[in-house]
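Chemist: Have a look; sequence and predicted model below, questions after that.
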Amino acid sequence: DNVFVHELDKIDDVVIPERLKLSFILTPALIKEAILHNLLTTGEFKESTVMIFVNRSETCELVKRILKALDVRVTALHSEMPQSERTNSLHRFRAGAARVLISTDLGGRGLDIPSVELVINYDVPRDPDDFIHRVGRTARAGRKGDAISFVTPNDLDRILSIEDRVNRKMSEYEKVTDNAVIKDSLKVTSAAKVDARMEMDKENFGERKQRLKEKQLLRSGNGTVQTGKVAKQRKRKN
C-alpha cells in the first residue's frame, strides 16, 4: 500500500481540533531525555502510540538509540536515512512493531503516517506552521488527542508565536514530577546517552549528508574551486 501523500506547505485556515489538548513541560535542555523516558514509560501514556518531533537528524538518531537501549519499541525517520529505511521504519510503526516514532519535520513530510494518541514536540519548531503539521498527527476524525511540548528557557518566544498562530493557550502538564524523573529515569538515560553518542561517533554519523553536499558542490562546479584552494594552501605550507 502507498505510504506517500501530498501535503500543503502553507496553512491559511488554522483549525486545531477542540478535542486536542495542548500542553507544555518546562525543562532544562540537559534532562529532556529523562523527562521523555518518564513520560513514555510511566503514567497515562505508557501504552500509547506516540510521535516525537525533533529539529535535527542527529537528535532524532540519538533519542532513538537512547529509547531503544531502554526497551522502548521505537523507530525513526530522518534525512540521514536512505528512503528504503524510512519506508521500513514507517511500516514497522504502522504494523505496531514500534509504538513510538521519532521524526524530523522533513523526515516525515510526504509520508502517510497514521493517527497517534500523543504528539511530543521534543524540540519546539522554529515555524508555527510546522507545529500545526506536527499536532495534526493526533485528534483526527473527532477522536481525543494530546500534544505536549518540551519548553526550555530559550523556547519561550517560539511558544508565544505558536500560541498566537493557533489562537490557543497551552496548559502546563504537571503529571511528570521532578522526583519521579530523578528516581526512575535520569541515571539510566544519562548512561544510555553516553553509549549512544559513542556509537554514533564510531559510525561517523552525519557523513552521508556531508558526501551529498560534496557531490552537489562538484555538480555545480564549486567543488573544483574548493579543491583548487585546498591544493594551493597545501603547497604554501610545504
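Modeler: Received, thanks. Numbering: from 1, shown residues only.
Chemist: Can you pull out the low-pLDDT segments for this structure?
Modeler: Residue ranges of the chain with pLDDT under 70: 1-13, 208-213, 215, 221-238.
Chemist: the domain parsing of it - what is it?
Modeler: For the chain, automatic domain parsing gives the domain ranges 20-205, 212-238.
Chemist: For residue 14, find the nearest of the ones you listed.
Modeler: Of all these, domain 20-205 sits nearest to residue 14, with 5.6 Å by CB to CB. Any C-beta I mention is one placed from the backbone N, CA and C, and that applies to glycine too.
Chemist: Which parts of the protein are strands?
Modeler: Assigned by DSSP state E, the strands in the chain fall at 20-26, 50-54, 74-77, 100-104, 118-121, 145-151, 171-172.
Chemist: Just send the domains of the chain back as CSV, with mean neighbour count and distance to residue 14 too.
Modeler: Shown next, in CSV, are the domains of the chain (neighbours: other CB atoms under 10 Å; distance: least, CB to CB, whole Å):
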stretch, mean neighbour count, distance to residue 14
domain 20-205, 18, 6
domain 212-238, 10, 34
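Chemist: ok, back up a step: and the strands of the chain: which comes nearest residue 159?
Modeler: Distance to residue 159, taken as CB to CB, is lowest for strand 145-151 among those, at 5.7 Å.
Chemist: Show me the contact partners of the closest one.
Modeler: 17, 19-27, 32, 35-36, 39, 45, 115-124, 134-135, 138-139, 155, 159, 170, 173 (CB atoms under 8 Å, 6 or more residues apart in numbering).
Chemist: quick revisit: can you lay out the strands of the chain as a markdown table showing distance to residue 91?
Modeler: Converted to a markdown table, the strands of the chain look like this (distance: least, CB to CB, whole Å):
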| stretch | distance to residue 91 |
| --- | --- |
| strand 20-26 | 26 |
| strand 50-54 | 15 |
| strand 74-77 | 9 |
| strand 100-104 | 11 |
| strand 118-121 | 20 |
| strand 145-151 | 23 |
| strand 171-172 | 35 |
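Chemist: among these, which is nearest residue 214?
Modeler: strand 100-104 (21.6 Å).
Chemist: Would you mind putting the CA coordinates of that closest one into CSV?
Modeler: Output of strand 100-104 as CSV, limited to C-alpha atoms (Å, rounded to 0.1, in the frame of the first residue of the first chain):
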residue,chain,number,x,y,z
VAL,A,100,6.9,5.3,19.2
LEU,A,101,8.0,7.1,16.0
ILE,A,102,10.7,9.9,16.2
SER,A,103,10.9,12.2,13.2
THR,A,104,12.3,15.5,11.9
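Chemist: helices or strands next to it in the packing?
Modeler: strand 50-54, helix 57-69, strand 74-77, helix 83-95 (3 or more CB pairs under 8 Å, 6 or more residues apart in numbering; DSSP states H and E).
Chemist: Tell me which of those lies nearest to residue 204.
Modeler: helix 57-69 (12.1 Å).
Chemist: what angle separates that closest one from strand 50-54?
Modeler: 140 degrees (axes from the mean of the first three to the mean of the last three CA atoms, to 10 degrees).
Chemist: Might you report the residue contacts of residue 81?
Modeler: By CB under 8 Å, 6+ apart, the contact set of residue 81 is 89, 107.
Chemist: Relative to residue 127, how far out is it?
Modeler: According to CB to CB, to the nearest Å, residue 81 and residue 127 sit 23 Å apart.
Chemist: How about residue 107?
Modeler: For residue 107, the distance to residue 127 - CB to CB - is 16 Å.
Chemist: Same question for residue 68.
Modeler: Applying CB to CB to residue 68 and residue 127 gives a distance of 29 Å.
Chemist: and what of residue 61?
Modeler: As defined by CB to CB, residue 61 lies at a distance of 22 Å from residue 127.
Chemist: Cool, thanks, talk later.
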